[in-house]
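Asks: no FASTA, just this:
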């Protein structure tokens, strides 16, 4: 997802809109997969597993520096809401992209449905949402750095590999089968393709 978002930004800057649209569809596919995975995936990826009340997440964030020895299996209370924020902003980014056009080519799958003024507003929102996404990315990177500096916890390795070393006595979370993973991914491809052909 990180590589796709960076590539989408580069292609938009250079006005390579055909590639930009293809990247947008790939991002949409991964977003759909992540949402499906949040309901039927492995234990640590399920929304019900890591989403807590906002007040609980805020209390965790406020006590960050006093909770030195706490290790969470999967997402932390605040990290879970960051996942939701990323999914929401990226989803809005992709959905507004379905209406986008420029002077070179009419690229959005849903271009032409709304009036020119409405499309202009959506195009503006498409750019603003990217700035909001970068804001969340900055917060996320800063949080990962703080975990390393303050708690001496390396969050990059588990995010990159999916492997986390459990604390003593920690219960191993359930991992979904490869068959379910492939099935959900193929379903995501089908849904994204259908949306792209509207």
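Replies: Looks like it arrived, so ask away. It should be emphasised that the depicted structure is a prediction, and the values quoted were computed from it without experimental measurement.
Asks: what does stretch 185-193 rub up against?
Replies: 25, 28-30, 32-33, 36 (C-beta atoms under 8 Å, 6 or more residues apart in numbering). Every C-beta, even on glycine, is put in place using the N, C-alpha and C of the backbone.
Asks: most neighbours out of those residues, which is it?
Replies: Counting neighbours by other C-beta atoms under 10 Å, the top entry in the contacts of stretch 185-193 is residue 28, with 26 neighbours.
Asks: thought that residue was touching residue 96?
Replies: No. Using C-beta atoms under 8 Å, residue 28 makes no contact with residue 96, being 11.8 Å away.
Asks: make JSON lines from the contacts of stretch 185-193 and add distance to residue 153, pLDDT and secondary structure to it.
Replies: Listed next are the contacts of stretch 185-193 as JSON lines, based on distance: C-beta to C-beta, whole Å; pLDDT from 0 to 100; DSSP: H, G, I helix; E, B strand; the rest coil:
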{"residue": "25", "distance to residue 153": "36", "pLDDT": "91", "secondary structure": "helix"}
{"residue": "28", "distance to residue 153": "32", "pLDDT": "95", "secondary structure": "helix"}
{"residue": "29", "distance to residue 153": "31", "pLDDT": "96", "secondary structure": "helix"}
{"residue": "30", "distance to residue 153": "26", "pLDDT": "96", "secondary structure": "helix"}
{"residue": "32", "distance to residue 153": "31", "pLDDT": "97", "secondary structure": "helix"}
{"residue": "33", "distance to residue 153": "27", "pLDDT": "97", "secondary structure": "helix"}
{"residue": "36", "distance to residue 153": "29", "pLDDT": "97", "secondary structure": "helix"}
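Asks: need the longest helix for this protein.
Replies: Counting by DSSP state H, the longest helix found in the chain is helix 116-146.
Asks: show residues contacting the helix or strand bottoming out on mean pLDDT in the chain.
Replies: Counting by mean pLDDT, DSSP states H and E, the chain has its least confident helix or strand at helix 156-161, which shows a mean of 85. Helix 156-161 has contacts (C-beta under 8 Å, 6+ apart) with 144, 163-164.
Asks: show me what counts as buried in stretch 3-19.
Replies: 4-5, 7-8, 11-12, 17 (16 or more other C-beta atoms under 10 Å).
Asks: likewise for stretch 142-158?
Replies: By neighbour count on 16+ other C-beta under 10 Å, the buried set for stretch 142-158 is 143-144, 147, 151, 153, 155.
Asks: how long is that stretch end to end?
Replies: Distance across stretch 142-158, first residue to last, is 17 Å (C-alpha to C-alpha, to the nearest Å).
Asks: centre of the chain versus it, how much separation?
Replies: 19 Å (C-alpha atoms, centre = their mean, to the nearest Å).
Asks: for stretch 34-51, same thing?
Replies: For stretch 34-51, the separation from the chain centroid amounts to 13 Å (computed by C-alpha atoms, centre = their mean).
Asks: cool, stretch 148-166 as well?
Replies: 18 Å.
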